[in-house]
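Participant: Structure, please.
(one chain, ligands or ions: 1)
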Amino acid sequence: MKLEICKWPQPVLAEKAKAIEEITPELQELIENMIETMYEDEGVGLAAPQVGESIRLICVDQTGPKERGDLMVMINPEITSCEGQVDSEEGCLSCPEFTGKVKRSQKISVKALDREGKEICMEVEDYLAIILQHEIDHLDGVTIVDRSSNLKKAMYRKKAKKWA
Ligand code: NI
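Facilitator: From the prediction side, this is the model:
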């Protein structure tokens, strides 16, 4: 089932999401629905707060939106180390009509659980590293709008009245 995307400045997008303590059938259903939503809305990543669930869960597919070749689901993802810095031009399904330049690490190590609860550790760089940082930001209540200048944020606040 495709889910509705919460749009900035809805409060759920600004909350710090809670760690997941148990992998339940309900959680698996949410994961399925998030994957469907990410693909249908042509995103390369989606975090649970974007569908109104303030829990630490993300899905990403760096081959999207044209392909569906590298799906990853991460529960309680954590960045354990980072290096380098890149400027990244980003958009977000929760921030329609907004793009912003964001500073990201070029390379990160991530620790998480997969959807079966198995621990995964990986070192990723460039595009995938950027997507993961963007999605993990969502779990900490941070969007690309929050990472932009006060002026840009104020202008976007006016625009966002259209869907508030
Ligand atoms: Ni986003």
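Participant: going forward, measure contacts between C-alpha atoms and count neighbours the same way
Facilitator: Will do.
Participant: Report the separation between Gln28 and Glu135.
Facilitator: Distance, Gln28 to Glu135, by Cα to Cα, to the nearest Å: 19 Å.
Participant: who has more neighbours, the two?
Facilitator: Neighbour count, other Cα atoms under 10 Å: between Gln28 and Glu135, Glu135 has more, with 26 against 13.
Participant: where's that one, which helix or strand?
Facilitator: helix 126-139 (DSSP states H and E).
Participant: Alpha carbons only: can I get stretch 28-47 in CSV?
Facilitator: Only the C-alpha atoms of stretch 28-47 are listed here, as CSV (Å, rounded to 0.1, in the frame of the first residue of the first chain):
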residue,chain,number,x,y,z
GLN,A,28,7.6,-5.8,8.1
GLU,A,29,4.3,-4.4,6.7
LEU,A,30,5.5,-0.9,7.2
ILE,A,31,8.8,-1.7,5.5
GLU,A,32,6.9,-3.1,2.4
ASN,A,33,4.7,-0.1,2.3
MET,A,34,7.7,2.3,2.5
ILE,A,35,9.5,0.5,-0.3
GLU,A,36,6.3,0.7,-2.5
THR,A,37,6.0,4.4,-1.6
MET,A,38,9.6,5.2,-2.3
TYR,A,39,9.4,3.6,-5.8
GLU,A,40,6.1,5.0,-6.7
ASP,A,41,7.2,8.5,-5.7
GLU,A,42,10.5,8.0,-7.5
GLY,A,43,12.7,8.6,-4.5
VAL,A,44,16.1,7.0,-3.9
GLY,A,45,15.5,6.9,-0.2
LEU,A,46,12.7,7.1,2.4
ALA,A,47,12.8,7.4,6.2
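Participant: longest helix anywhere in this protein?
Facilitator: helix 25-40 (DSSP state H).
Participant: Report the next helix or strand after that one in sequence order.
Facilitator: Downstream of helix 25-40 (by DSSP H and E), the next one is strand 45-47.
Participant: centroid residue for this protein?
Facilitator: Centroid check for the chain by Cα atoms, centre = their mean gives Glu135 as the closest residue, at 2.3 Å.
Participant: Chain neighbours aside, what residue packs nearest to that one?
Facilitator: Closest residue to Glu135 apart from its sequence neighbours, by Cα to Cα, 6 or more residues apart in numbering: Ala47 at 5.6 Å.
Participant: Sounds good, over and out.
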